[in-house]
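# Sequence first, predicted coordinates after that:
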Amino acid sequence: MRLTLHKKKIAALLLLLGVAFCTWLLLTSRGLDEPLPADLQPSDKTTGFQVPGGSPLQMRLAAYRNNLRQLIRNAEQFPGRPELVVVVQVRGGPGSGSRLQLLAESLQSAGPGATGRLLLVLSMERPCPEAAAAMAAIDFCRVLPLYFPFSLSFYPDEFPGSDPADCPRDLPKESALLRGCTNGEYPDSHGHYREAAFTQDKHHWWWKLHFTWERVREVSGHSGHILFLEEGDYLLPDWLQILQLMEKQCQEEGCHLLSLGGTSTPEPSPDPQHMELSGFVASRHGAAIAMPRETYYQLMGCLAEFCTYDDYNWDWSLQHVSATCLAHPLKVLSARLPRVLTLPARAEEGGMCGRTGPCSNMDAAFQALRAKVWELSAKLFPKTITVTNRQQEVRNPPPMKNGGWGDIRDHTLCQSYARL
């Protein structure tokens, strides 16, 4: 009975998407000269991009409309199909603008010959004027802003946000069933009930993966790798050269993913041209990964395994899929010297910025990054790369489930992205 009720709720959620699509058709059929409703007025008249505002429903409609239109910033300056695609998961909120500004600077280090062929996709979780302003300042490549349509910002008082009728995290299951709270039958492996703030990253990552490969019109026909980054990443100046060398090596090795690293304190000792071929391990390869379309299709074949695995982390869920579902476990080519840094979060590292929260000292973070780039500068731009360590095909199951993903509503919504 409860399973049926949950399915009905998910069906209602999907029905809302249909309403949003119809609304979009209505709005776009008005004619170019007829003004939009006040809550959907664009904040950037040159592209039609808008920071959603108003009620949660109004914000959802604005987000759906933006994702359907897919209006590209800087398209006139950089005509033609993109040859390089980078997708960034932007959380939004205080500090997002500063982090996006630093990331954009590092992307630009590839030079105008490369960035002119780049499509930068910004997949945002919440309306954030600060991040929108930083995006508007990017003038060196094509930019496509998207909104994760199931963001907690758009569903503040209902699933996939925090429904007041949901069970508290630490309520024992027996008490939850007596109380009759919505998800009483579905605690996680550790006996806890879902916390919406922790489920969002995995939802966003899987939705972004599907939407980029299947729904972004600029990516249709793209035959290369797509590089997936997160807010708070900073690329070293030779990132593109290394990525291209790794793509060629990956074809020879038959690997599935590339990993450019992701650390705030890289060790200066590894040889800059040394690579490692190994199985996917979340703690080592869960940042700055690039994948081709073939790998995406293989992962979609394990949709249920990914979406029902009781771990709120997308990277640990991916490791589970690699170990249990795929015909061959994921083989990753990784750079021993990371080409992607994460912004320093602690004062002793030279800054107070990190991946989330206010960027309290952007200048300090900027200087710390510049110092690390200078320290590594003599090791960058190798002409060739060499695989110094090859691990045989190995299935590396996660040592444990982290939980946070026991709710059947999360399972159903996650699997529904493939049909949107």
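Perfect, I can see it now. This is a predicted model, so every value here is computed, not measured.
# mind showing which ranges of the stretch 251-400 of the chain have poor pLDDT?
The model of the stretch 251-400 of the chain has pLDDT under 70 over residues 262-269, 344-358, 360.
# show me where it has strands.
Applying DSSP state E, counting those that start in this stretch to the stretch 251-400 of the chain gives strands spanning 257-259, 261-263, 274-279, 289-291, 331-335, 340-342, 386-390.
# could you dump those to CSV with distance to residue 399 and mean neighbour count?
Using the backbone N, CA and C atoms, a C-beta is placed for each residue, glycine as well. Shown next, in CSV, are those (distance: least, C-beta to C-beta, whole Å; neighbours: other C-beta atoms under 10 Å):
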stretch, distance to residue 399, mean neighbour count
strand 257-259, 20, 24
strand 261-263, 20, 19
strand 274-279, 14, 19
strand 289-291, 21, 23
strand 331-335, 18, 23
strand 340-342, 23, 24
strand 386-390, 22, 12
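# Reformat these into a markdown table and put distance to residue 415 next to each item.
Shown next, in a markdown table, are the strands of the stretch 251-400 of the chain (distance: least, C-beta to C-beta, whole Å):
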| stretch | distance to residue 415 |
| --- | --- |
| strand 257-259 | 22 |
| strand 261-263 | 28 |
| strand 274-279 | 25 |
| strand 289-291 | 20 |
| strand 331-335 | 25 |
| strand 340-342 | 30 |
| strand 386-390 | 35 |
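# and residue 217, which of those strands is closest to it?
Among the strands of the stretch 251-400 of the chain, strand 289-291 comes nearest to residue 217, with 19.5 Å by C-beta to C-beta.
# Which strands or helices does the closest one pack on?
strand 226-230, helix 239-253, strand 257-259 (3 or more C-beta pairs under 8 Å, 6 or more residues apart in numbering; DSSP states H and E).
# Export only the CA atoms of stretch 304-314, formatted as PDB.
Output of stretch 304-314 as PDB, limited to C-alpha atoms (Å, rounded to 0.1, in the frame of the first residue of the first chain):
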ATOM      1  CA  ALA A 304      18.900   0.500 -11.100                       C
ATOM      2  CA  GLU A 305      22.100  -0.500  -9.400                       C
ATOM      3  CA  PHE A 306      23.200   3.100  -9.100                       C
ATOM      4  CA  CYS A 307      19.900   4.500  -8.100                       C
ATOM      5  CA  THR A 308      19.000   1.900  -5.400                       C
ATOM      6  CA  TYR A 309      22.500   1.600  -3.800                       C
ATOM      7  CA  ASP A 310      22.200   2.900  -0.200                       C
ATOM      8  CA  ASP A 311      24.900   5.500  -0.400                       C
ATOM      9  CA  TYR A 312      24.300   9.200  -0.800                       C
ATOM     10  CA  ASN A 313      27.600   9.700  -2.500                       C
ATOM     11  CA  TRP A 314      27.600   9.500  -6.200                       C
END
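# and it, how far from the chain's centre?
In terms of C-alpha atoms, centre = their mean, to the nearest Å, the centre of stretch 304-314 is set 16 Å apart from its chain centre.
# With stretch 186-204 instead?
18 Å.
# For it, buried residues please.
186-188, 192-194, 196, 198-204 (16 or more other C-beta atoms under 10 Å).
# Repeat that for stretch 121-132.
Buried-residue list, stretch 121-132, by 16+ other C-beta under 10 Å: 121, 122, 123, 124, 125, 126, 127, 128, 130, 131, 132.
# Now, those residues that are in helices?
Judged by DSSP state H, the buried residues of stretch 121-132 include 130, 131, 132 as members of helices.
# still on that earlier bit, can you say which of the strands of the stretch 251-400 of the chain is nearest to residue 62?
Per C-beta to C-beta, nearest to residue 62 of the strands of the stretch 251-400 of the chain: strand 289-291, 30.2 Å.
# Contacts for that closest one, please.
Residues outside strand 289-291 that contact it (C-beta atoms under 8 Å, 6 or more residues apart in numbering) are 225-228, 243, 246-247, 256-260, 332.
# export those to JSON lines and tack on distance to residue 117?
JSON lines is the format used below for those (distance: C-beta to C-beta, whole Å):
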{"residue": "225", "distance to residue 117": "14"}
{"residue": "226", "distance to residue 117": "14"}
{"residue": "227", "distance to residue 117": "13"}
{"residue": "228", "distance to residue 117": "18"}
{"residue": "243", "distance to residue 117": "13"}
{"residue": "246", "distance to residue 117": "18"}
{"residue": "247", "distance to residue 117": "15"}
{"residue": "256", "distance to residue 117": "24"}
{"residue": "257", "distance to residue 117": "22"}
{"residue": "258", "distance to residue 117": "18"}
{"residue": "259", "distance to residue 117": "23"}
{"residue": "260", "distance to residue 117": "19"}
{"residue": "332", "distance to residue 117": "26"}
